[in-house]
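S.K.: here is my input, please return the structure:
(one chain, ligands or ions: 1)
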Amino acid sequence: MEELAMDLTGEKLANYIFKKFGTGDVFKIAAMAEIKIAYAAWFPVTHGEFDKQDKSVTINLNSSMEKELILAHELAHFFIDQAGLRLTRNQEELIASDFMRVLQEK
Ligand SMILES: [Zn+2]
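M.R.: Got it, this is the predicted structure:
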């Protein structure tokens with residue numbers, strides 16, 4: 001993950017992850033990265049949650065967003081965290097959303 005620089009964009013992260021794991025399938029990527037996926041239902045203020053201690057993503061079944069997209073977004077948070085990048089909340093959300101969009105096109 002050292003190649004990821006401070007000028008990270010969602011597109012760069014998506015390309016990096018696609019190359020690293022050889023797939024754009026977020027369920028396969030999560031399995032290879034050993035991230036557990038859980039499902040729960042809560043009032044949909046958020047679509048999903050990422051727990052870095054537990055290495056797990058919980059998908060909100062009440063969200064109208066597709067599960068693949070929720071997982072992609074949360075995975076972006078995981079990879080950003082793993083790379084040790086310090087970003088503002090807004091920067092990180094922007095990258096996560098772009099990552100999700102670019103990866104989905106692959
Ligand atoms: Zn987010």
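S.K.: give me the neighbour count for Asp81.
M.R.: Other residues within reach of Asp81, judged by other C-beta atoms under 10 Å, total 14. Bear in mind the C-beta positions are built from the backbone N, C-alpha and C, glycine included.
S.K.: pLDDT wise, what is it at?
M.R.: For Asp81, the pLDDT comes out at 90.
S.K.: mind saving the C-alpha coords of the host helix or strand of it as CSV?
M.R.: Asp81 is part of helix 67-82 when elements are defined by DSSP states H and E. Provided in CSV are the C-alpha atoms of helix 67-82 (Å, rounded to 0.1, in the frame of the first residue of the first chain):
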residue,chain,number,x,y,z
LYS,A,67,-25.2,-4.1,-1.1
GLU,A,68,-22.3,-4.2,-3.5
LEU,A,69,-22.1,-0.4,-3.5
ILE,A,70,-22.3,-0.2,0.3
LEU,A,71,-19.6,-2.8,0.6
ALA,A,72,-17.4,-0.9,-2.0
HIS,A,73,-17.7,2.3,-0.1
GLU,A,74,-16.8,0.7,3.3
LEU,A,75,-13.9,-1.1,1.7
ALA,A,76,-12.5,2.2,0.6
HIS,A,77,-12.5,3.4,4.2
PHE,A,78,-10.7,0.2,5.1
PHE,A,79,-8.0,0.5,2.5
ILE,A,80,-7.5,4.2,3.3
ASP,A,81,-7.1,3.3,6.9
GLN,A,82,-4.7,0.5,6.1
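S.K.: fine by me, we can end here.
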